[in-house]
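*Asks:* dropping a prediction and its sequence here:
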Amino acid sequence: MHQSRLAFALAAAFPFLPAVHAQPATEAPVKELGVVTITGGQPTSLPTQIPTTMEGITREQLERTTNATDSEDALKYLPSLLVRKRYIGDYNHAVLSSRASGTGNSARSAVYADGILLSNFLGNGVGGLSFPPRWGLVTPEEIDRVDVMYGPFSAAYPGNSVGAVVDYVTRMPTRFEAHGQLGYVVQPFELYNTNDTYRARQASASVGNKNGDLAWWLNFNRTDSESQPLTFPTRLVRSGVPGVAGTPVTGAVLERDKSDIPWYVLGTGTQYHTRQDHLKAKFAYDITPTLRASYVFGIWQNTSEGRSVSYLRNAAGQAVYSGPINIDGRAYTGSQALNGGDFAVTKEGLTHYIHGFSLKTHTKGTWDWEVAASLYDYAKDLKRQNGAGNPLPGADTGGAGTVADGSGTGWNTLTLRGTWRPDGTRGAHIVDFGFQQDSYKLSYLTSNVGNWITDTGGAVGSNVGGRTELRSLYAQDAWAFAPKWKTVLGGRAEHWTATGGFTQIPGAAPPVNSAWPDRSEFHFSPKAAVSYQWRDDTVLKASVGRAVRTPTVFELYGATSTTNAQFINDPTLRPEKSWTGELSAEKDIGTGLLRLTFFSESTRDSLYSQTSFDPSANRNITRVQNIGRIQTNGLEMAYNGNDIFTKGLDLSGSLTYANSIIKENAGFVTVPGDTLGKWQPNIPKWRAAALASYRWNAQWTTSLGARYSGRQYRTLDNSDVNGYTYQGVSKFFTADLRVRWQFSKEGSAAFGIENLNNYKYWNFHPYPQRSYVAELKYDL
């Protein structure tokens, strides 16, 4: 390929690559023969050689095209990715899904920022506790570049990379700079008997400089956000007994549940008001021109309240929150009477710290090496909730409830890695190798207290804890073994341990007080990839890799129980083992780069947390289990182009088809065999994304984005046939608009509309409806 065409193809394939005249603070990836090479001295989780499909976005593109209120918004239009973000600042349910991993499987993707692990591998999904990546430790303002690697084809990552690896590279200044930003979002929301408006306010400021060999950066961010209602107390129509017992009420909404069974929606729950503060300090010191030391400190604080509102009114027009009720001549008494779990109120206080250190050479000579370590600490993690016998409105002032304390939970990582170039940077071999240790600690105590708002402790409701650790050795060799050919061969050896596990639930029948046996296992995962420059404008690639995703400490030991939810652990869970392969063709078509990828994944003993509603107990119950084998085959087509048809018009888009089927499973939901041949939960057959942006002139840009996802299921037996309801999962098509005005060299303003077509869609909870976004920025 000619140099100019190669540059164009790289720009199209990797739109995050800066223009040749730019002066980036970080060096962008370089692509040759289908293998991406990472260079530069800034910390990153990426190995020097990446043998798989890769996509990305830069800060400049993000500013032009995306109404980014949270860091995960940077992934919105990338192929086959979806983040289950329910509102601005969603801190406990924003799970990343990918080609063959759904929004219930947070432990099947890995998210890093400057080489520091943000994915929360203490657990998986959102059952019991919640384990999405810690997105709040990165703000949109500090993003310099985001790189996404698809599949487990690099030996440098654990089995959690089976879905995707997301690597945020945040900015470090090369001169003095200061930034300020204000944001405001308004969401009118109508659903059932709710007709209200919810708002979010954001403010951020950052300052940094490079003084000689020392660079530093400080970033502050405040988010004050109101969510739409996320949960809804209900009663199945058939659970009511014809008669006159109970308080006659009006206001219940007759709907159908996810299995298309009639039920009444009684009101709203979990309408969050969250206030989040983020502070990050970063320092980088060039000890020599080729040796850099870096340190990151971050603090994230969150104070949130979850509110509930009853639709029910008695004969006097007063709201009804408790006791036996009568709806349309059906009595709901006994276990079906209203209690404090129906209209729960919660208060959360969280303070989490993150530390990261790295010492890294970037000689680009025969040898380079890096030492990196990180720590994530739940310094304070309290969740308070009223009890079942303490309903509203009395619960607003105190009374019985629970306090769940996760303080002391967290994880730490250590990485020692090197790169050997026996023949120099342009030689036939580049070898990456290293040692990694990832350690996780769970400590979660739930107490029954007399005053859920103020008490600090009481009788033990549940007490769970334990540790897991993964130690790994890896090596991979990128070998240009012939003209136009390149291969990457590697392997990863892992030793996994689970120790000190215990589960105590004194109030269970019978009481649970278990100290679980320690476990130790060894696993090896080979990797291989090959690429061929078939023609000047076409590269062919093939990759295959094994990934072992070990059980998380919460899946093993974390049985928890609250007023309206229960999680059932299993200390005998087996690791899930996946073989993944892909075949790709990338072609420069003159206006951009077109890629077609066939992917296939076979996963045995897939680890699944399944949440179901128990109407007799009136609570959500989550169980974790192994699924025999899931087979996924699919096609992904992606295009990136610049200056299409006319100068200033950039287009990108993707279309993904996935056929993901449960092939083997000894377990069942209702009757043996009822999961065989069913779709894997939360994986649609079709999904698509498109983004068009136009630079009218140096001051004005406009972008229009669209996303589509086909129907999907949440349950293993696919019995949830109604997706457009609470606890259902629906298809969706949404469009987003953004207009940006650079009114001076330093100042810019933007206006956007999210969900422009106001599509009402669900993923267990309702997604946001049409929202209006305003943004003001000043860059010095």
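*Replies:* That came in fine, so what should we check first? Residues are numbered from 1 along each chain as shown.
*Asks:* so which residues of the stretch 401-550 of the chain form strands?
*Replies:* Taking DSSP state E, counting those that start in this stretch, the strands of the stretch 401-550 of the chain run over residues 401-405, 410-420, 429-449, 459-482, 485-505, 512-515, 519-535, 538-549.
*Asks:* mind listing what the first one pairs with, with the direction of each?
*Replies:* Partners of strand 401-405 in the sheet, by DSSP bridges, are strand 367-386 (antiparallel), strand 429-449 (antiparallel).
*Asks:* now that strand - C-alpha only, PDB.
*Replies:* What follows is strand 401-405, C-alpha atoms only, in PDB (Å, rounded to 0.1, in the frame of the first residue of the first chain):
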ATOM      1  CA  GLY A 401     -34.200  -1.500  58.900                       C
ATOM      2  CA  THR A 402     -30.800  -2.700  57.700                       C
ATOM      3  CA  VAL A 403     -27.300  -1.300  57.300                       C
ATOM      4  CA  ALA A 404     -25.000  -3.100  54.800                       C
ATOM      5  CA  ASP A 405     -21.300  -2.300  55.300                       C
END
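*Asks:* report the mean per-residue pLDDT for it.
*Replies:* For strand 401-405, mean pLDDT is 94.
*Asks:* what does the longest one give?
*Replies:* For strand 459-482, the mean per-residue pLDDT is 94.
*Asks:* can you redo the strands paired with strand 401-405 as CSV with mean pLDDT?
*Replies:* Shown next, in CSV, are the strands paired with strand 401-405 (pLDDT from 0 to 100):
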stretch, mean pLDDT
strand 367-386, 95
strand 429-449, 95
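*Asks:* neighbours around V544, how many?
*Replies:* Using other CB atoms under 10 Å as the criterion, V544 is surrounded by 18 other residues. (Each C-beta comes from the backbone N, C-alpha and C, glycine too.)
*Asks:* just the strands from the stretch 151-300 of the chain, written as ranges.
*Replies:* Under DSSP E, counting those that start in this stretch, the stretch 151-300 of the chain gives strands at 164-170, 177-191, 194-211, 214-226, 234-236, 241-242, 247-248, 253-256, 262-265, 267-288, 291-310.
*Asks:* out of these, indicate the one that is most buried.
*Replies:* strand 164-170 (a mean of 27; mean count of other CB atoms under 10 Å).
*Asks:* might you report the residue contacts of the nearest residue to G267 once chain neighbours are set aside?
*Replies:* Nearest residue to G267 in three dimensions, chain neighbours excluded: S310, at 4.1 Å (CB to CB, 6 or more residues apart in numbering). S310 makes contacts with 251, 266-267, 319-321, 343, 392, as judged by CB atoms under 8 Å, 6 or more residues apart in numbering.
*Asks:* quick check, nearest of the residues you listed to W741?
*Replies:* Nearest to W741 among the contacts of S310, counting by CB to CB, is G267 at 42.5 Å.
*Asks:* returning to that earlier point: among the strands of the stretch 151-300 of the chain, which is nearest I753?
*Replies:* The nearest among the strands of the stretch 151-300 of the chain, by CB to CB, is strand 177-191 at 10.4 Å.
*Asks:* chain center to that closest one: distance?
*Replies:* 21 Å (CA atoms, centre = their mean, to the nearest Å).
*Asks:* ditto for stretch 493-509
*Replies:* Averaging C-alpha positions (CA atoms, centre = their mean) puts stretch 493-509 25 Å from its chain's average.
*Asks:* in that stretch, which residues are buried?
*Replies:* For stretch 493-509, the neighbour count (16 or more other CB atoms under 10 Å) marks 494, 496-498, 500-505 as buried.
*Asks:* so who does T734 touch?
*Replies:* T734 touches 706-707, 754-757, 759, 761, counting by CB under 8 Å, 6+ apart.
*Asks:* got the residues you listed as CSV, with distance to H355 columns?
*Replies:* Shown next, in CSV, are the contacts of T734 (distance: CB to CB, whole Å):
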residue, distance to H355
A706, 40
R707, 36
E754, 34
N755, 38
L756, 41
N757, 44
Y759, 42
Y761, 39
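*Asks:* can I get the buried part of those as one ChimeraX selection?
*Replies:* Applying 16+ other CB under 10 Å to the contacts of T734 leaves a buried subset, and the ChimeraX line that selects it is:
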select :706,707,754,755,756,759,761
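*Asks:* now the contacts of T734 in TSV, with distance to S693, secondary structure and pLDDT?
*Replies:* Shown next, in TSV, are these (distance: CB to CB, whole Å; DSSP: H, G, I helix; E, B strand; the rest coil; pLDDT from 0 to 100):
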residue	distance to S693	secondary structure	pLDDT
A706	13	strand	97
R707	15	strand	97
E754	16	strand	97
N755	19	coil	97
L756	15	coil	97
N757	19	coil	97
Y759	22	coil	97
Y761	25	coil	96
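*Asks:* tell me the bridge partners for A178.
*Replies:* Bridge pairing for A178 - DSSP bridges - gives V207.
*Asks:* quick one: E60 is in a helix?
*Replies:* Yes. Counting by DSSP: H, G, I helix; E, B strand; the rest coil, E60 is part of a helix.
*Asks:* against R695, how distant is it?
*Replies:* 11 Å (CB to CB, to the nearest Å).
*Asks:* check W411 too.
*Replies:* For W411 relative to R695 (CB to CB), the value is 43 Å.
*Asks:* which of these two has more neighbours?
*Replies:* W411 (23 against 17).
*Asks:* beta partners of the more buried one?
*Replies:* Y376, Y440.
*Asks:* and it, what is it in contact with?
*Replies:* Contacts of W411 by CB under 8 Å, 6+ apart are 117, 121-122, 375-376, 438-441.
*Asks:* the residue lying closest to N718 once chain neighbours are set aside: neighbour count?
*Replies:* Nearest non-adjacent residue to N718, counting by CB to CB, 6+ apart: K678, 4.4 Å away. K678 has 18 neighbours, counted by other CB under 10 Å.
*Asks:* let me see the contact set for K678.
*Replies:* With CB under 8 Å, 6+ apart, K678 has these contacts: 661-662, 713, 716-718.
*Asks:* could you dump the residues you listed to JSON lines with pLDDT and secondary structure?
*Replies:* Converted to JSON lines, the contacts of K678 look like this (pLDDT from 0 to 100; DSSP: H, G, I helix; E, B strand; the rest coil):
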{"residue": "I661", "pLDDT": "96", "secondary structure": "strand"}
{"residue": "I662", "pLDDT": "96", "secondary structure": "strand"}
{"residue": "Y713", "pLDDT": "93", "secondary structure": "coil"}
{"residue": "L716", "pLDDT": "92", "secondary structure": "coil"}
{"residue": "D717", "pLDDT": "93", "secondary structure": "coil"}
{"residue": "N718", "pLDDT": "94", "secondary structure": "coil"}
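*Asks:* farthest pair within these?
*Replies:* Among those, I661 and D717 lie farthest apart (CB to CB), at 13.0 Å.
*Asks:* got the strands paired with strand 401-405 as CSV, with distance to A94 and mean neighbour count columns?
*Replies:* What follows is the strands paired with strand 401-405, written out as CSV (distance: least, CB to CB, whole Å; neighbours: other CB atoms under 10 Å):
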stretch, distance to A94, mean neighbour count
strand 367-386, 17, 19
strand 429-449, 20, 20
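*Asks:* could the ones you listed be laid out in a markdown table, adding distance to R471?
*Replies:* Shown next, in a markdown table, are the strands paired with strand 401-405 (distance: least, CB to CB, whole Å):
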| stretch | distance to R471 |
| --- | --- |
| strand 367-386 | 14 |
| strand 429-449 | 5 |
